[in-house]
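Engineer: My questions concern the predicted model and sequence given below.
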Amino acid sequence: MKRSNLPIKALLVLDNAPGHPNEQELKSSDGNIQTIFLPSNCTPLLQPMDQNVIQKIKSLYKNKLLIHIISQDGDITQSLKGMNLKDVVFSLAHAWKSVSSNLIQSSWKKLWPTMNDVSETEETDEWDPEDNMPIVDWLKNLSEKGLETSEENLNSWFEGIEETEQIMTDEEIISEAVQEESFVEILEPPTTTTAIRVKPDNALMCFNTCITWAEENGMSAKDIIILRNMREKVFKQGLQVAQKQTSIKDYFKTT
C-alpha cells in the first residue's frame, strides 16, 4: 500500500470457519487493519463443490476411528492415549479410499455442469452397506469399553453437528491435561470373567499384531491399509455373530 501511495488501511474478509481466530485477534494495534467474517450460511455459496466430499470424509474417518479404538485392548481412554499421528493418517487414508469417484464428480456440478455425466437419478454415493453399522451396535460396543453416551449424541458426532475448533492457550492445554489425568483415575472399565470362545476376537489380535509388524518393517502404506481393512471386516463380522450370541463382550477380551 505504501508503494501505491495508499493509506495503510485494510479490511480482511474471511469465511466463517471455526478454525479462524477471533476477529479481535486479527486486527492491528492501531485498528487500521481489521477483519470481518461473512455470515455462516455463505460457505456453500463460496465453496459449492467441497461440502459433500468433506462431510463424507469426516463421517468415514469417524467410522474408521471408532473401529480402530474399539478393536484395541483396554478402555477407550487407554486406546485414545495409545493413538499416534500415524494411526490418524492411516484412518484418514482409509476413509479417502472409501469415497466414491461418483461423489467427487457430482460435487463439481455447480461449478462445471457440462462435465458432470452422473444423472441426478443415479446413485452418486457408493456407500458400502457394511459401513452402515447400526447406532445401537456402536452404543453397545462403546459401553463395553467404558463409555456411556446416547444415540442423539453419537448421531450428532457422526454428522458433525456443532463441531467447533479453537486455538488453545498454553494454560488451557495444561488445564485440560490435568483434567484428563483425573478422568483416567475415575474411569474404570467393567470387569468380567467370561471365557473367550469366539474366533473373531483372536483374528482381531492377529491383525493388530500384523499391522504392528508391517509398520515396524517398512511395509508400504497400501499393504498396511489392506491389513486395516481386513481388521475392519473381522470387527464387523464379529458384530454379526454377536447378534446370535449372549454378549458382545466376548469379542473384546484379552487373553
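Structural biologist: Looks like it arrived, so ask away.

Engineer: Take the helix or strand harbouring residue 58, keep the C-alpha atoms, and write them as PDB.
Structural biologist: Residue 58 belongs to helix 51-70 when elements are defined using DSSP states H and E. Only the C-alpha atoms of helix 51-70 are listed here, as PDB (Å, rounded to 0.1, in the frame of the first residue of the first chain):
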ATOM      1  CA  GLN A  51     -19.300 -29.600   1.200                       C
ATOM      2  CA  ASN A  52     -20.500 -33.200   0.400                       C
ATOM      3  CA  VAL A  53     -17.000 -34.600  -0.100                       C
ATOM      4  CA  ILE A  54     -15.700 -33.100   3.100                       C
ATOM      5  CA  GLN A  55     -18.700 -34.300   5.100                       C
ATOM      6  CA  LYS A  56     -18.400 -37.700   3.600                       C
ATOM      7  CA  ILE A  57     -14.700 -38.000   4.500                       C
ATOM      8  CA  LYS A  58     -15.400 -36.800   8.100                       C
ATOM      9  CA  SER A  59     -18.100 -39.400   8.500                       C
ATOM     10  CA  LEU A  60     -16.000 -42.200   7.100                       C
ATOM     11  CA  TYR A  61     -13.000 -41.100   9.200                       C
ATOM     12  CA  LYS A  62     -15.000 -41.200  12.400                       C
ATOM     13  CA  ASN A  63     -16.300 -44.600  11.400                       C
ATOM     14  CA  LYS A  64     -12.700 -45.900  11.000                       C
ATOM     15  CA  LEU A  65     -11.600 -44.200  14.100                       C
ATOM     16  CA  LEU A  66     -14.200 -45.800  16.300                       C
ATOM     17  CA  ILE A  67     -13.500 -49.300  14.800                       C
ATOM     18  CA  HIS A  68      -9.700 -48.800  15.500                       C
ATOM     19  CA  ILE A  69     -10.400 -47.700  19.100                       C
ATOM     20  CA  ILE A  70     -12.900 -50.500  19.900                       C
END
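
Engineer: Show me what counts as buried in that helix.
Structural biologist: Neighbour counts over helix 51-70 (16 or more other C-beta atoms under 10 Å) mark 52-53, 56-70 as buried. Yep, even glycine has a C-beta here, placed from its N, CA and C like the rest.

Engineer: Look at residue 146 and give its secondary structure.
Structural biologist: Assigned with DSSP: H, G, I helix; E, B strand; the rest coil, residue 146 falls in the coil class.

Engineer: That one: neighbour count?
Structural biologist: Residues within reach of residue 146, counting by other C-beta atoms under 10 Å, total 16.

Engineer: for residue 30, same thing?
Structural biologist: Residue 30 has 8 neighbouring residues, counting by other C-beta under 10 Å.

Engineer: That one and residue 24, how far apart?
Structural biologist: 14 Å (C-beta to C-beta, to the nearest Å).

Engineer: Low-confidence stretches in the stretch 101-250 of the chain?
Structural biologist: Scanning the stretch 101-250 of the chain with the threshold set as pLDDT under 70 gives 115-133, 160-170, 177-198, 241-250.
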